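>>> what follows is a predicted protein model with its sequence.
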Amino acid sequence: MADQKAAVKDRRKSFDAEALPHMDALYRTALRMTKNVNDAEDLVQEAYVKAYRFWDKFEPGSNARAWLFKIMTNVFINEYRSKSRSPMAVNVDELDDNFLYGQLATTSPGDDPEKQLFSKIFDEDVKRAIENLPEDFRMVVVLSFIEGFSYQEIAEIADLQLGTVKSRLHRGRKLLQKELLDYAVKNGFVKDTAK
Amino acid sequence: MNCQEALNLLYDVIDKEASQIDIKEVQKHLDQCQDCLKKFQIEESLQAIVKERLKAASDIPKIDQLKSKVLAQLEQIDATLGRPERKSMPFRVPGVALAIAASAILLIGAAYWGKGLYDHYSEYIPLERAHWSAAANIDGFSDQNNTQLAAAEVQKQGFKILDEIDGLALVGGRMDEIKGIQVPHFLYSDGKLAISLFVFPKEALTIADDLLETRVVIDGQCYLDHNCRGCRLVYHTERESQFVTATADHSYDLLNFKPAVGAI
């Protein structure tokens, strides 16, 4: 019994040291994925409970952060993702890869047109733009942009093929750029040349 | 390398995923092609700005509360681990757990994690979530048509929805999909406090075993009180219906909120 207690204590100690420091990052991503505080807190809690229960499966010395994200992403996909997922409303393929370049080059000639544009867009607008992304794209964009995971890590976390990660990231970026540019045009920061 | 080949590698380069050979080739091309160079520069600084803004917008002010909630749950698990009678749980028997968990643990794991936890996610969370989303958007309940529709559903079960219960006024109601069925969901509020009321046909709602341990009898009526985490739920049966009330506000004693009394 005493041995058992000691084992529980050791297990807990290593979990506290390796897993708990990543809570900020998990919560940050959970907020972007669920889009609300209650669900995000719930998601993080569920992820930690699961992670703790499976702590014996974690290989010491491997990437605890990616492991935790994998667990959380899985909980999200299985339990939180909206049940009636609407099919992609935007046809991303219509977006020319260089549309932003074209827009910026013609509307704001100067050395750093993109900087001019973004100096006027607030953090909140970027946040809204990312929350407007379709779920599948949002997930890979958040994991890449905010958390800095590599393509391979994202593939493992979200259980996707490497090619799928790349294409979703690519489309996600394009949608994000389009959304921000639309916002800028709407607010008169840049002129609309698309018409 | 031509322009198209270089641009195909644009994001790989920006994301630092390109191989050394590719990077060299792209660099060679950019040295001779002003147009591509400009495209790379725009994308690169754009990515940097978006990432920076996104990180700033995603700053978490504080997670102390969340942290203490997580710690409390870990404590609870530790406590169960110390109890010898729970030997059947897989994490107490690493060999078995390994065998079970080796394949697709994350997908099918829930069924093995001890019944209590699994029940929680399947039994309570859908109700808690429905309440949270209602409390966060009280105005979404004031639609007359939806309210009448939900009230009619309850009337079929022989109950009338009261305009006021324990000093809280009915905001309105609507049909919500919970656990795969359409359930009348009503919201009561006094402007600050929000309480949800769900009315299930009795056979549609399974009562988790652990709920029976928390029974409270008031005036001959039995209430099952589930008080955990962010949301408290109280169940009680009246004839063929199962009433569930929910609130996230712990300053109010949900047992004072008795929808079935006087509503028959």
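Happy to help now that I have it.
>>> which helix or strand contains the residue nearest to A:N63 when sequence neighbours are not counted?
Spatial nearest neighbour of A:N63, excluding adjacent residues (CB to CB, 6 or more residues apart in numbering or on different chains): A:E153 at 7.6 Å. Where C-beta positions appear, they are placed from N, C-alpha and C, glycine not excepted. With elements taken from DSSP states H and E, the one containing A:E153 is helix A:151-158.
>>> just checking, what packs against that helix?
helix A:64-75, helix A:135-141, helix A:162-186 (3 or more CB pairs under 8 Å, 6 or more residues apart in numbering or on different chains; DSSP states H and E).
>>> do you know which of the ones you listed lies nearest chain B?
helix A:64-75 (4.4 Å; CB to the nearest CB).
>>> so what touches that closest one?
Residues outside helix A:64-75 that contact it (CB atoms under 8 Å, 6 or more residues apart in numbering or on different chains) are A:18-19, A:22, A:25-26, A:29-30, A:43-44, A:46-48, A:50-51, A:54, A:58, A:139, A:143, A:147, A:149, A:153, A:156-159, B:106-107.
>>> if you look at the residues you listed, which of them are in helices?
Judged by DSSP state H, the subset of the contacts of helix A:64-75 located in helices is A:18, A:25-26, A:29-30, A:43-44, A:46-48, A:50-51, A:139, A:153, A:156-158, B:106-107.
>>> report the central residue of chain A.
Centroid check for chain A by CA atoms, centre = their mean gives A:V142 as the closest residue, at 1.7 Å.
>>> tell me how far A:E79 lies from A:E46.
Distance from A:E79 to A:E46, counting by CB to CB, to the nearest Å: 8 Å.
>>> just give me the neighbour total for B:W132.
Residues near B:W132, counting by other CB atoms under 10 Å in any protein chain shown, number 21.
>>> so who does it touch?
Applying CB under 8 Å, 6+ apart to B:W132 gives the contacts A:N38, A:D39, B:G230, B:C231, B:A248.
>>> redo that, cut-off 7 Å
With contact taken as CB atoms under 7 Å, 6 or more residues apart in numbering or on different chains, B:W132 is in contact with A:N38, B:C231, B:A248.
>>> among the residues you listed, which lie within helices?
Using DSSP H, these in helices are A:N38.
>>> list buried residues within the contacts of B:W132.
Applying a neighbour-count criterion of 16 or more other CB atoms under 10 Å in any protein chain shown, the buried members of these are A:N38, B:C231, B:A248.
>>> can you pull out the helices in the stretch 51-200 of chain B?
B:64-82, B:94-101, B:105-108, B:115-119, B:125-136, B:144-156 (DSSP state H, counting those that start in this stretch).
>>> so for the third one, mean pLDDT?
The average of the pLDDT scores along helix B:105-108 is 42.
>>> ok, now the fifth one?
Taken as a whole, helix B:125-136 has a mean pLDDT of 86.
>>> which residues touch stretch A:133-149?
A:25, A:28-29, A:32-33, A:66, A:73, A:81, A:85, A:88, A:130, A:154, A:157-158, A:165, A:168-169, A:171-173, A:175-176, B:50-51, B:54-55, B:58.
>>> any chance of the helices and strands packed on helix A:151-158 in CSV, with distance to B:V244, mean neighbour count and mean pLDDT too?
Below are the helices and strands packed on helix A:151-158 laid out as CSV (distance: least, CB to CB, whole Å; neighbours: other CB atoms under 10 Å in any protein chain shown; pLDDT from 0 to 100):
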stretch, distance to B:V244, mean neighbour count, mean pLDDT
helix A:64-75, 24, 22, 92
helix A:135-141, 29, 22, 91
helix A:162-186, 39, 19, 86
